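Q: model this:
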Amino acid sequence: MTWRSVVISRPAKLKRDHYSLAIEQEQTAFVPFEDIAVIVLNHREITLTHPVLSACGEYGISLFATGDTHHPSGVFLPFLSHSRATKWMRLQLDLPRPVCKQTWAAIVRRKIENQKHCLQLAGRDGMDRLDSYARRVRSGDVGNLEGQAAAFYFTQLFGKGFHRQQARFANAALDYGYAVLRGTIARGLVAHGLLPSLGIFHSSEQNAFNLADDVIEPFRPVVDLFVAKNLPLIRDELMPQDKVALVGLLNVDVGMPRGKMSVLSAIEQMIESLARIYDGGSEALLELPVLIGIEQHRLEC
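A: Numbers count the residues shown, from 1 in each chain. Next comes the predicted model:
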């Protein structure tokens, strides 16, 4: 099972050494490919060999590149790694509209519920109002309760003057955390044979990750809670340690129908349940995370 998130923020050369990633810096570190879920390249002076890219495809690893702002600007994903990718594409295209709308309503409802949990865990007011929004979500979210809840939620969490377009630490941190989640979910979708561009609700022809943008929604409050709890009073930009911590959110625990598990494991279970819906099941099969905090998952020996 993959569980490591590798963030490289200093000059390095990456090579494949049999079954491990070799990270050459002042000293050389070796990380087994089979343990890695995500690699983030966060420095302009990082070079890597073709066998490293090949290993990322072979082991299903998401490889993120960052741009001039040090935010993820691209992601390398395995190419059609599933033996029945065409079958799943047809099932995605043929998903009945009523099931599609009910599935989206379930996603929106859980997202708003997790936003409510986020306010509670962050010591903010407004939980009753979000609970009301969640209870009123209907098929397809025709009333756009998701948008109404978000407008209220962010001002409760970060203050009345806050909006998502501002250039400030909170938004930079949110964008970074969301980008890592999005790429990780896209990796999981591809690994299960699903086409990330075919969404349930999102349907932009210019978006290669419509489905990832659908199912990411209940996971976003994990990032929101971390940023709210770690919002600095002075610093204006993300530091390397902030980025490492944001990538590390993939290993915090969330609640799932089968028990408490890491975000990485929850993403896998959510996608497995989504595949069952595409294969003829109802939206009731969808397994979605419940925000319970930002404690790191502990591996039991």
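Q: that's a helix at H43, yeah?
A: No. Counting by DSSP: H, G, I helix; E, B strand; the rest coil, H43 is not found in a helix; it is coil.
Q: Just to check, it is in contact with K13?
A: No. Using C-beta atoms under 8 Å, H43 makes no contact with K13, being 11.5 Å away. The C-beta positions use only the backbone N, C-alpha and C, and glycine is treated the same way.
Q: So for stretch 201-217, mean pLDDT?
A: Summarised as a single mean, pLDDT over stretch 201-217 is 90.
Q: Span of it from start to end?
A: 11 Å (C-alpha to C-alpha, to the nearest Å).
Q: Would you indicate which residues of it are buried?
A: 201-202, 209-217 (16 or more other C-beta atoms under 10 Å).
Q: With secondary structure and distance to R90 added, can I get those residues in JSON lines?
A: Shown next, in JSON lines, are the buried residues of stretch 201-217 (DSSP: H, G, I helix; E, B strand; the rest coil; distance: C-beta to C-beta, whole Å):
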{"residue": "F201", "secondary structure": "coil", "distance to R90": "20"}
{"residue": "H202", "secondary structure": "coil", "distance to R90": "20"}
{"residue": "F209", "secondary structure": "coil", "distance to R90": "20"}
{"residue": "N210", "secondary structure": "helix", "distance to R90": "17"}
{"residue": "L211", "secondary structure": "helix", "distance to R90": "15"}
{"residue": "A212", "secondary structure": "helix", "distance to R90": "20"}
{"residue": "D213", "secondary structure": "helix", "distance to R90": "22"}
{"residue": "D214", "secondary structure": "helix", "distance to R90": "19"}
{"residue": "V215", "secondary structure": "helix", "distance to R90": "20"}
{"residue": "I216", "secondary structure": "coil", "distance to R90": "24"}
{"residue": "E217", "secondary structure": "helix", "distance to R90": "25"}
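Q: Great, nothing more from me.
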